[in-house]
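Q: my questions are about this predicted structure, shown below with the sequence.
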Amino acid sequence: MPVAVVLLTLFFFSSAFSDESQDPDSYRQECENGKTIYCIAAGMEEQKSGNLETALKYYQTACANHMDRGHLRACTPLLSLARQTGRLDDASAGLEKLCQGGDEVVCFYLAKEYFKITEYHRGFVHLERLCRNDFQPPDKADYGPCYHLGDNLKTIGEMKRALKIFNFDCDRDPLSAKPSCDQAEAIRRLARQGKAYGVKTVSGLKRVEALAFAVAMIPLSGLLLLKNGRKFALASLRIPVPALTFICWALWEPHANQEFILRADLFFLIPAGFLTLLTAYSAHRRLLAL
């Protein structure tokens, strides 16, 4: 998801120039005149040409020009390319200095920029302090540091820590922190579902994901049993193996991402289920022939 955010940001900036002359020289001239978006356009042209050093300079100018506008979206291309080239420390030094100097707004938006490029632990450092200090972002529609801290902890599978942060935010002010309260309740609900199926979920979803992995791997093991051809192996393929496969699938379903109609896991679960039934049928035919 963070990579997608960076790509969408770059697409937005590129689409903004779809009706322009597409002349890199004009981008550079407008950048020199202090127009941030043209600095980004010039940087994109240089990046496309493989001139990463020059691209970084234009992105750095764009970021510096837009640093005090209440967000740091103009810094996204800079931080993204700097991370790819191993220069993130240098690229973020100016922003980090402002943050360390007490500019909490910069700290907040810098953390969100780090999350976009999957530098989670850099972002956590800033948001943990802002969350403790009850920092309120300039945009009243923004959920605030505690919510973003908990949400990104969830993203990397740190469910216990995420729950602790959401609870802290919710207990402090249930009304203004309703999004955190809702997230905390969602994690607790997931934990209750896990206990009902004998699966521990709060400590991390990776254990639950083993169920989906089992659904994919069991049919492959079934092919080996089918090749073996012995009566016991064929008998196990006819009922026990399909039963185990679909039990694992049923246990996985409550934890699957139901947000999208086309779930990514179904692209291997459905073929795995079909393969299970096919091997069961083949085993049944062979048993009848014995």
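A: That came through, no problem.
Q: for the helix or strand where Ser26 lies, packing partners?
A: In this assignment (DSSP states H and E), Ser26 forms part of helix 24-32. Applying 3 or more C-beta pairs under 8 Å, 6 or more residues apart in numbering; DSSP states H and E, we find helix 24-32 packed against helix 36-48, helix 52-65. Glycine gets a C-beta too; all of them are placed from N, C-alpha and C.
Q: chain center to stretch 209-219, what's the gap?
A: Stretch 209-219 sits 22 Å away from the centroid of its parent chain (C-alpha atoms, centre = their mean, to the nearest Å).
Q: what's near enough to touch Lys140?
A: For Lys140, no residue meets the contact criterion (C-beta atoms under 8 Å, 6 or more residues apart in numbering).
Q: poorly predicted segments of the stretch 1-150 of the chain, please.
A: 1-22, 67-70 (pLDDT under 70).
Q: mind redoing it with 50?
A: Within the stretch 1-150 of the chain, the stretches with pLDDT under 50 are 1, 3-8, 10-12, 15-20.
Q: cool, the stretch 151-290 of the chain as well?
A: Scanning the stretch 151-290 of the chain for pLDDT under 50 picks out 197-199, 201-205, 259-262.
Q: and with 70 instead?
A: 194-208, 255-265.
Q: and the strands in it?
A: In order along the chain, the stretch 151-290 of the chain carries no strands (DSSP state E, counting those that start in this stretch).
Q: which SSE is Tyr143 in?
A: Under the criterion DSSP H and E, no helix or strand holds Tyr143.
Q: was I right to think Pro145 contacts Leu127?
A: Yes - the pair Pro145 / Leu127 is scored as a contact, 4.5 Å apart, by C-beta atoms under 8 Å.
Q: list residues touching both of those two?
A: 108, 111.
Q: returning to what we had before: how far off centre is the helix holding Ser26?
A: Relative to its chain's centre, helix 24-32 lies at 35 Å (C-alpha atoms, centre = their mean).
Q: which residues touch it?
A: Contact partners of helix 24-32, identified using C-beta under 8 Å, 6+ apart, comprise 17, 20, 38-39, 41-42, 45-46, 58, 61-62.
Q: by neighbours, which of the residues you listed wins?
A: Cys39 (29 neighbours; other C-beta atoms under 10 Å).
Q: residues contacting that residue?
A: By C-beta under 8 Å, 6+ apart, the contact list for Cys39 reads 27, 31, 58-59, 61-62, 65.
Q: could you rerun that using 6 Å?
A: For Cys39, the contact set (C-beta atoms under 6 Å, 6 or more residues apart in numbering) comprises 31, 58, 61-62.
Q: quick one: it from Arg172, how far?
A: Distance of Cys39 to Arg172, computed by C-beta to C-beta, to the nearest Å: 40 Å.
Q: do Ile37 as well
A: 39 Å.
Q: what do you get for Met44?
A: Distance from Met44 to Arg172, by C-beta to C-beta: 42 Å.
Q: the two: which is more packed in?
A: Met44 (21 against 13).
Q: list the contacts of that one.
A: Met44 touches nothing, counting by C-beta under 6 Å, 6+ apart.
Q: check the one 3 residues further on too.
A: Remark: with contacts taken as C-beta under 6 Å, 6+ apart, Gln47 is in contact with Ala55.
Q: could you shift the numbering so residue one becomes 51, and keep it that way?
A: Sounds good: first residue 51 from here, last item Gln97.
Q: what's the closest non-adjacent residue to Glu154?
A: Take Glu154 and drop its neighbours on the chain: the residue closest to it by C-beta to C-beta, 6 or more residues apart in numbering is Phe185, 5.3 Å away.
Q: swap in Asp140?
A: Using C-beta to C-beta, 6+ apart, the nearest residue to Asp140 is Ala132, at 7.0 Å.
Q: show me what the strand or helix carrying that neighbour is packed up against.
A: Using DSSP H and E, Ala132 maps to helix 126-134. Using 3 or more C-beta pairs under 6 Å, 6 or more residues apart in numbering; DSSP states H and E, the elements in contact with helix 126-134 are helix 102-115, helix 138-141.
Q: buried residues of the last one, list them for me.
A: Neighbour-count burial for helix 138-141, with 16 or more other C-beta atoms under 10 Å as criterion, is recorded at 138, 141.
Q: quick check: next helix or strand after that helix?
A: helix 143-150.
Q: so what does that next one touch, helix or strand wise?
A: Helix 143-150 packs on helix 154-166, going by 3+ C-beta pairs under 6 Å, 6+ apart.
Q: and if we set it to 10 Å?
A: Helix 143-150 is packed against helix 102-115, helix 154-166, helix 170-182, with contacts defined by 3 or more C-beta pairs under 10 Å, 6 or more residues apart in numbering; DSSP states H and E.
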